[in-house]
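> Sequence first, predicted coordinates after that:
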Amino acid sequence: GAGVSQSPRYKVAKRGQDVALRCDPISGHVSLFWYQQALGQGPEFLTYFQNEAQLDKSGLPSDRFFAERPEGSVSTLKIQRTQQEDSAVYLCASTPPGNYEQYFGPGTRLTVT
Amino acid sequence: GNSVTQMEGPVTLSEEAFLTINCTYTATGYPSLFWYVQYPGEGLQLLLKATKADDKGSNKGFEATYRKETTSFHLEKGSVQVSDSAVYFCALTPFGGSQGNLIFGKGTKLSVKP
């Protein structure tokens, strides 16, 4: 079946622009996670949804970062007024009910110039 | 706090060589432990996992044993192949088997030469 998909795969933004990154989880997956992966580093947790409820946003680095999942399926990570330090790969992962294995999407590589 | 430390790469091996990638962790509770692999151009994939002390996770010839006494989860493979070239990430979830965010190490890049 289809895996987790993310779009766009690559995004170049000028500093100060707003961006929106989309994640389509696997159908039926209840939990959804966003991670940020800087070059040469491991992914770092940003935020977590269970259905439409955002249960943990402790990893969001600033109030310029905002995530939503209004209908409990597709999720959008929005970054306002992008800065160069926001350049990274943004990964989305989803988890089926009763299972803690996270299935990752291919990521969106964001470059802020 | 919770953290994962894994050996720095890159690691370069010849085909059929023995592989060990060291991973140690710090956790306040009883974590579940994972190895994820990222092949070139692909997303992260779960390679193996262990949910309690002395459990051994295994998959595709790779093995790792959850050692609580040494807080370690080293990845091993007896005979690597060129197709094993990838970046390997050790990770934990702090809350055991329940759902929760993953905490990753920095990754170890493995290159296997024919």
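Cool, got the structure. Numbers count the residues shown, from 1 in each chain, chains lettered A, B, ... in the order given.
> May I have the residues that are in contact with residue B:64?
By C-beta atoms under 8 Å, 6 or more residues apart in numbering or on different chains, the contact list for residue B:64 reads B:23, B:33, B:35, B:48, B:50, B:56, B:57, B:58, B:73, B:74, B:75, B:76. (Each C-beta comes from the backbone N, C-alpha and C, glycine too.)
> So is stretch A:103-112 next to chain B?
Yes: applying C-beta under 8 Å from any C-beta of the partner chain, one finds stretch A:103-112 in contact with chain B at A:104, A:105, A:106, A:107.
> Run through the bridge partners of residue A:79.
Here residue A:79 sits in beta bridges with residue A:19, residue A:65, going by DSSP bridges.
> how close does residue A:5 sit to residue A:23?
Between residue A:5 and residue A:23 the distance is 8 Å, computed by C-beta to C-beta, to the nearest Å.
> Now list whatever residues contact both of the two.
Common contacts of residue A:5 and residue A:23, defined by C-beta under 8 Å, 6+ apart, comprise residue A:105.
> Which one of those two is surrounded by more residues?
Using other C-beta atoms under 10 Å in any protein chain shown, the more surrounded residue of residue A:5 and residue A:23 is residue A:23, with 27 against 16.
> give me the number of residues near residue A:39?
Neighbour tally, residue A:39, other C-beta under 10 Å: 8.
> can I assume it is in contact with residue A:109?
No: at 9.7 Å, residue A:39 and residue A:109 do not qualify as touching, with contact defined as C-beta atoms under 8 Å.
> shared neighbours of the two, anything?
residue A:88.
> Tell me what the residue in chain B that chain A sits nearest to is bridged to.
Minimum separation of chain B from chain A (C-beta to the nearest C-beta) falls at residue B:104, amounting to 3.3 Å. Beta-bridge pairing for residue B:104 (DSSP bridges): residue B:91.
> Leaving out the residues flanking it, which one is nearest to the residue in chain A that chain B sits nearest to?
Relative to chain B, the nearest point of chain A is residue A:42 (3.3 Å; C-beta to the nearest C-beta). Computed as C-beta to C-beta, 6 or more residues apart in numbering or on different chains, the closest residue to residue A:42 that is not its neighbour in sequence is residue B:104, at 3.3 Å.
> what helix or strand does residue A:34 sit in?
strand A:31-37 (DSSP states H and E).
> which residues sit against that strand?
Residues contacting strand A:31-37 (C-beta under 8 Å, 6+ apart): A:23, A:25, A:43-50, A:59, A:61, A:67, A:69, A:75, A:77, A:88-95, A:102, A:107, B:99, B:101-102.
> farthest pair in the contacts of residue B:64?
Largest separation among these by C-beta to C-beta: B:23 and B:58, giving 15.3 Å.
> Who has more neighbours out of the two?
residue B:23 (25 against 14).
> Next, the contact list for the more buried one, please.
B:4-7, B:33, B:35, B:64, B:72-75, B:90, B:105 are the contacts of residue B:23 under C-beta under 8 Å, 6+ apart.
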